[in-house]
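In: Sequence isn't available, so here's the structure alone:
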């Protein structure tokens, strides 16, 4: 285990696409002072290195290739390397394979928080997000195809396996109400693991 992160809270976020994982990660960084990293950024970096456009399908293929070639924990390992000298609490977004969970638990003592939401709501958010980004070509069919692959349907063990990851989570926060309710759920489970959100807020205010 990385000694610089001992006695710190390390959270891995798992969940299907457009479920609110990114919102939780940003909340923990903004409100509670967590260091934020995303395993998906390692895939984007690899895409750039290969000269491949950052389309979702391309990124999934590259992530799968990296895990198949270098082991299922490769994205977690590359991310941990960036945190070697860090001493604060950490939240890691974009965990999508059981090998990543096993590695993060073993090396960082990570807690795995699942963020889930009804599929119909996620479809709505997916289309809204695509409109905001000007992605006119995004369709319901695109969502269902990507969502199925995200869950691991038809994927190898080295592929995305969000369904299996959710089964391995230490807790599940359901994003089926307001964002405020989702954040309260996150804080509830943090408190259960001995972390004081109010203490973290006070520390943030002193900075």
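Out: Sure thing, it's come through. Bear in mind that the values here come from a model prediction, so they are computed numbers and not experimental data.
In: Which stretches in this structure count as strands?
Out: Along the chain, counting by DSSP state E, strands occupy 10-14, 35-38, 90-95, 111-116, 171-174.
In: does residue 53 really touch residue 61, like I thought?
Out: No - at 11.6 Å, residue 53 does not count as touching residue 61 under the criterion of Cβ atoms under 8 Å. No exception for glycine: its C-beta is placed from N, CA and C like everyone else's.
In: more neighbours, the two?
Out: For residue 53 versus residue 61, the count of surrounding residues by other Cβ atoms under 10 Å is larger for residue 61: 15 against 9.
In: Run through the residues that contact the more buried one.
Out: Residues touching residue 61, when contacts are defined by Cβ atoms under 8 Å, 6 or more residues apart in numbering, are absent altogether.
In: Any stretches of this structure with poor pLDDT?
Out: Applying pLDDT under 70 to the predicted model, the residue ranges of the chain that meet it are 1-7, 135-136.
In: go again using 50 as the cut-off
Out: Using pLDDT under 50 as the threshold, the predicted model of the chain has low-confidence ranges 1-4.
In: show me where it has helices.
Out: Shown for the chain, the helices assigned by DSSP state H span residues 21-32, 39-50, 56-70, 74-82, 98-108, 119-133, 140-151, 162-168, 179-192, 197-206.
In: of these, which approaches residue 14 most closely?
Out: Nearest of the helices of the chain to residue 14, taken as Cβ to Cβ: helix 162-168 at 4.2 Å.
In: Can you name every helix or strand that the closest one contacts?
Out: Packing contacts for helix 162-168, counted by 3 or more Cβ pairs under 8 Å, 6 or more residues apart in numbering; DSSP states H and E, involve strand 10-14, helix 98-108, strand 111-116, helix 140-151.
In: Right, I'll leave it there.
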